[in-house]
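# dropping the sequence and predicted coords here.
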Amino acid sequence: MVRNDKEAHVLVIRLSAMGDVAMLLPVLSSIAESNPALEITLLTKTHFAPIFNSFPNLKVVEADVKGKHKGLLGLFKLYKELKELGITSVVDVHNVLRSNILKLFFSLGNIPFVQIDKGRKQKAALTRTSNKDFKQLKTTQQRYADVFEKLGYPIDLSKTKLLERDQLNEKIIEITGLKNQRWIGIAPFAAHEGKMYPLRLMEKVITELSKVENYKILLFGGGAKEIEILSAIENQFKYKVVSIAGKLSFSEELNVISNLELMLSMDSGNGHLAANYGIPVITLWGVTHPYAGFAPFGQPEENGLTSDIEKYPMIPTSIYGNKVPQGYEKVMETISPKKVAQKIVTIVNN
């Protein structure tokens, strides 16, 4: 039974990272759609707020864990600030030390607090070096949905309403040009090298795509080093490739993403952002694997191109891509640039 209490105010905790926060959108979309009177506060980084701009009953509050909310006293201060908002229940989809300290404070205030089951044992079995239990685990989006169900808000993710395409503004058009071609987004970076397709191979993918007459390739990234690399690629390919890295706000980048025909990304946040608009997403997987449950929402299994598991049987070596065993440094070279380019053309042209 879906609750519809006008007094209800749910706090959702997911402090980081961008991809994990982005995976919340299908769940919060379903909650907001089914419970329009429910007030939702998301505790995360304010930088992520544009992801949820379309939900009038949701606001973002930031945990300043490096400033005023640092340490035990800081978290108690945060708890008091949150309590003043009229929070009636808490959904913790992060389940880390900070959120567990907040759990203690909210329990003292007799406020219901439910937490995610991360499936740590199953993930450990999936990533161990031998005798792997190699099977598809529950998706992260479903794990998020399960927590809300504990609180009395059942969610059917198959009926989730995704975000709609945004209208391009003049600033964006000045950088990208008019939308008179098929836009292919490429986000070549990831938090760990074990999840990143070699740039020299990615340039070969771009070379193949640049030969398609009606394609324009848009490059996504952030930070000084990534901006420098993407700028060099843009200069190499001239008008067929545009780097938007460092040129737009996060909200404007989302606007561009919503207008793509396809996004090519690593096992990283940009793939999740594109999937939230129902855009086809091709993901490239190195020492991680879609079976861990982090594939972009609603994407066909065949859109995840994985490294050769027969040649590298220890894949996945970790959940987050931060563990690269000796000899596994070049696993992604088993995914050929030609295969990637052909996959993109097939999906976009169909």
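Here it is on my side, so go on.
# sec struct for Leu284, please.
Secondary structure assignment for Leu284 (DSSP: H, G, I helix; E, B strand; the rest coil): strand.
# measure the closest residue to Lys195 other than its chain neighbours to Tyr144 for me?
Nearest residue to Lys195 in three dimensions, chain neighbours excluded: Gly321, at 3.7 Å (Cβ to Cβ, 6 or more residues apart in numbering). Quick note: C-beta positions are derived from backbone N, CA and C, even for glycine. From Gly321 across to Tyr144, the span is 21 Å (Cβ to Cβ, to the nearest Å).
# next: Val340.
From Val340 across to Tyr144, the span is 30 Å (Cβ to Cβ).
# what of Leu199?
Counting by Cβ to Cβ, the separation of Leu199 from Tyr144 is 33 Å.
# who has more neighbours out of the two?
Between Leu199 and Tyr144, counting by other Cβ atoms under 10 Å, Tyr144 is the more crowded of the two (24 against 15).
# so the more buried one belongs to a strand, correct?
No: looking at Tyr144 with three-state DSSP, it is helix, so not inside a strand.
# wait, Leu305 sits on Ser336?
No: using Cβ atoms under 8 Å, Leu305 is not in contact with Ser336; the gap is 9.5 Å.
# neighbour count winner among those two?
Counted by other Cβ under 10 Å, Leu305 and Ser336 do not tie: Leu305 has more neighbours, with 19 against 13.
# if you average pLDDT over the helix or strand harbouring that one, what comes out?
Assigned by DSSP states H and E, Leu305 belongs to strand 304-306. In this model, strand 304-306 has a mean pLDDT of 98.
# given it, what are its sheet partners and their directions?
Sheet pairing for strand 304-306, assigned by DSSP bridges, gives strand 281-285 (parallel).
# could I get the pLDDT score of the nearest residue to Lys103 once chain neighbours are set aside?
In this structure, Lys103 finds its nearest non-sequential neighbour in Phe113, 5.0 Å apart by Cβ to Cβ, 6+ apart. Note for Phe113: predicted pLDDT of 97.
# next, the contact list for Phe113, please.
Phe113 makes contacts with 89-90, 92, 103, 106-107, as judged by Cβ atoms under 8 Å, 6 or more residues apart in numbering.
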